[in-house]
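Enquirer: structural data only, the sequence is not supplied:
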Ligand code: 7O9
């Protein structure tokens, strides 16, 4: 346990046995409570469904019942903005350009390879199981939204550079295509010069603002600001201290929200089960499809990722996963990896003891661009839709699906109403009917929970691996910092100043996230 003594010195004092037991119970109690909450949510939801006359439950009743769940979602999402800004900036500001560049490169290589591996796993399973050739007639309902792939790409890049940082917290730029009609005289007969008016329609794409957080803009800004603060040396120190303290404070708020989360989870899960449509028939029609997606997610999350982690770090992936359980359960309960981010960071920092600079840098970026579960799901869905339509895909088209699914998952956070749009990008790439997204819409909410958990697991293993690979670079920086501080101390002593507050310079977070001075 890290304690700060009266003279401001941080020392490691071992915990007594009773303290250890208490610590253990406290750390695991919340996991137990979350599992119980999930069970209660499922049982309560299904019980209400089987009760007489549940069909007559008005939407309003369900809406009221969701209230405690809405509060949980709000509280988690409320933390996202201060958390990503403070995390990314303070992490990069405390590193030098070389170390952060290396860390970023390692993370991106990991994201690309694991996302692609997930897609391949999905494709192998969907081609082997052929869920689209089984089962009965599936009803199509609803409609889908389409966007030109090139415009989606432009939106993605344009959103990296928001024109107004404050606005990017709640709005982003989207290309919207409007059509307008106009008339032009056309000459029908050259000799007699007969003119008639012809009707034309024209499409005019335009950049508009749409609702939704422009997360890419905020991430890109934070990365650059952090890097610039790092390059400023001493002059940037107050900003580094500010963002470090903001991060610690936000994590303390996260702890409070985590204690509330079991209550929220009960209501989120139960109301979802109450409002779903006739699960019986849908689950039978789409049973093989669901099975394929779940098998792919399980294979990726329980075999591929742990093996990658084991090979990269030589550490036990099961212990790592157990320590992430709180985040995985939150991901399942909320179906949102961004809302889970505060919990993910808490588990990484305090349970898996990932270097705080790595966790702060890698976890928010992973939540934004690394979505293994989503990529796997989109590849399976596209090939399933081809099978339902009796369309055989060539090797080239299967490769196209794998590449677009990887790209779509990486770009998802930058695309408005991403879920559907990214799916239609994959479908258009191989010429499949985009309205068939509606086939799988009915069970999307169900599979979303599982793929979100895999997304969060992928981000977490990524942080673990980058942490392991960056150990040498990080201790080099620690060494440099110590040298610098020793130098300052000598200088201060020479100048006859003995004020420790000055000598200590800045505050530094200890492993426990406590503020303690270094020396
Ligand atoms: C799933 F970094 C953060 F936390 F700030 C952050 C904020 C917002 C990260 C990501 C986002 C974001 O906008 N994410 C996003 C994810 C946007 C649209 C679609 C998706 C895909 O979501 C997954 C899926 O549906 O498969 C899944 N529900 O991981 O949250």
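Expert: Arrived safely. This structure is a prediction, so every number in the text was calculated from the model and none was measured.
Enquirer: for the stretch 201-350 of the chain, what lies in contact range of the ligand?
Expert: The stretch 201-350 of the chain has residues 213, 215, 335-338, 341 near the ligand, with proximity defined as Cβ under 6 Å from any ligand atom. Quick note: C-beta positions are derived from backbone N, CA and C, even for glycine.
Enquirer: try 5 Å
Expert: Selection of the stretch 201-350 of the chain residues close to the ligand by Cβ under 5 Å from any ligand atom yields 215, 336-338, 341.
Enquirer: same check on the chain?
Expert: 80, 84, 215, 336-338, 341, 364, 367-368, 374, 412-413, 418-419, 448, 451-452, 455.
Enquirer: go again using 6 Å as the cut-off
Expert: So far as Cβ under 6 Å from any ligand atom goes, the chain lies against the ligand at 80, 84, 213, 215, 335-338, 341, 364, 367-368, 371, 374, 412-413, 418-419, 448, 451-452, 455.
Enquirer: what comes up buried for the strand or helix carrying residue 43?
Expert: Residue 43 belongs to helix 17-50 when assigned by DSSP states H and E. Neighbour-count burial for helix 17-50 flags 30-31, 33-34, 37-38, 40-41, 44-45, 48-49 (criterion: 16 or more other Cβ atoms under 10 Å).
Enquirer: let me have these in a markdown table, extended by pLDDT.
Expert: A markdown table is the format used below for the buried residues of helix 17-50 (pLDDT from 0 to 100):
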| residue | pLDDT |
| --- | --- |
| 30 | 93 |
| 31 | 93 |
| 33 | 95 |
| 34 | 95 |
| 37 | 96 |
| 38 | 95 |
| 40 | 97 |
| 41 | 95 |
| 44 | 93 |
| 45 | 90 |
| 48 | 86 |
| 49 | 81 |
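Enquirer: and the residues you listed as CSV, adding distance to residue 165?
Expert: Shown next, in CSV, are the buried residues of helix 17-50 (distance: Cβ to Cβ, whole Å):
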residue, distance to residue 165
30, 35
31, 37
33, 38
34, 35
37, 37
38, 38
40, 42
41, 38
44, 43
45, 41
48, 45
49, 46
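Enquirer: of those residues, which is the nearest to residue 294?
Expert: residue 38 (16.7 Å; Cβ to Cβ).
Enquirer: okay but the closest one is in contact with residue 332, surely?
Expert: Yes - shown here, residue 38 and residue 332 form a contact pair, counting by Cβ atoms under 8 Å, at 7.1 Å.
Enquirer: low-confidence ranges in the stretch 401-519 of the chain?
Expert: Counting by pLDDT under 70, the stretch 401-519 of the chain contains low-confidence ranges at 416-419, 496-519.
Enquirer: ok, now how distant is the residue lying closest to residue 329 once chain neighbours are set aside from residue 352?
Expert: Once flanking residues are discounted, residue 329 sits nearest to residue 34: 4.4 Å by Cβ to Cβ, 6 or more residues apart in numbering. Remark: distance between residue 34 and residue 352 (Cβ to Cβ, to the nearest Å) = 18 Å.
Enquirer: now for the residue of the stretch 151-300 of the chain found nearest the ligand: which residues touch it?
Expert: Closest to the ligand within the stretch 151-300 of the chain is residue 215: 4.0 Å, counting by Cβ to the nearest ligand atom. The neighbourhood of residue 215, defined by Cβ atoms under 8 Å, 6 or more residues apart in numbering, consists of 84, 338, 368, 413-414.
Enquirer: what's the answer for residue 107, then?
Expert: Residue 107 neighbours (Cβ under 8 Å, 6+ apart): 361-362, 365-366, 462, 466.
Enquirer: for residue 369, same thing?
Expert: 111, 410-411, 413.
Enquirer: same check, this time on residue 344
Expert: Residue 344 touches 324, 327, 337, 363, 367, 456, 459-460, counting by Cβ under 8 Å, 6+ apart.
Enquirer: per-residue pLDDT, it?
Expert: Per-residue pLDDT puts residue 344 at 98.
Enquirer: state the pLDDT value of the residue nearest to it when sequence neighbours are not counted.
Expert: Ranked by Cβ to Cβ, 6+ apart and with sequence neighbours excluded, the top spatial neighbour of residue 344 is residue 327, at 4.3 Å. Per-residue pLDDT puts residue 327 at 97.
Enquirer: confirm that residue 327 sits in a helix.
Expert: Yes - under DSSP: H, G, I helix; E, B strand; the rest coil, residue 327 sits within a helix.
Enquirer: how near is it to the ligand?
Expert: Distance of residue 327 to the ligand, given as Cβ to the nearest ligand atom, to the nearest Å: 12 Å.
Enquirer: ok, that residue - contacts?
Expert: Contacts of residue 327 (Cβ under 8 Å, 6+ apart): 340, 343-344, 346-347, 456, 460.
Enquirer: among those residues, which pair sits farthest apart?
Expert: Going by Cβ to Cβ, the pair spanning the contacts of residue 327 furthest: 346 and 456, at 12.2 Å.
Enquirer: those two: who's more crowded?
Expert: In this view residue 346 and residue 456 are compared by other Cβ atoms under 10 Å, and residue 456 has more residues nearby, 32 against 21.
Enquirer: secondary structure element holding that one?
Expert: Here residue 456 is assigned to helix 444-469, by DSSP H and E.
Enquirer: where does this structure have low pLDDT?
Expert: 1-13, 52-57, 135-147, 187-190, 192, 194, 278-282, 416-419, 496-519.
Enquirer: rerun at 50
Expert: 1-2, 142-144, 501-519 (pLDDT under 50).
Enquirer: quick check, central residue of it?
Expert: What sits nearest the mean C-alpha location of the chain, by Cα atoms, centre = their mean, is residue 367, with 2.6 Å.
Enquirer: dump the residue contacts of the nearest residue to it once chain neighbours are set aside.
Expert: Sequence neighbours aside, residue 341 is the residue nearest to residue 367 in space, at 4.8 Å (criterion: Cβ to Cβ, 6+ apart). Taking Cβ under 8 Å, 6+ apart as the criterion, residue 341 is in contact with 79-80, 83-84, 363-364, 367.
Enquirer: let's see which of these end up in helices.
Expert: 79-80, 83-84, 363-364, 367 (DSSP state H).
Enquirer: can you pick the most crowded of these?
Expert: residue 363 (32 neighbours).
Enquirer: let me know the distance separating it from residue 30.
Expert: 19 Å.
Enquirer: longest helix in this structure, please.
Expert: The chain, longest helix under DSSP H: helix 237-275.
Enquirer: which helices and strands does it pack with?
Expert: helix 17-50, helix 59-65, helix 67-93, helix 215-231, helix 325-334, helix 337-346, strand 507-509 (3 or more Cβ pairs under 8 Å, 6 or more residues apart in numbering; DSSP states H and E).
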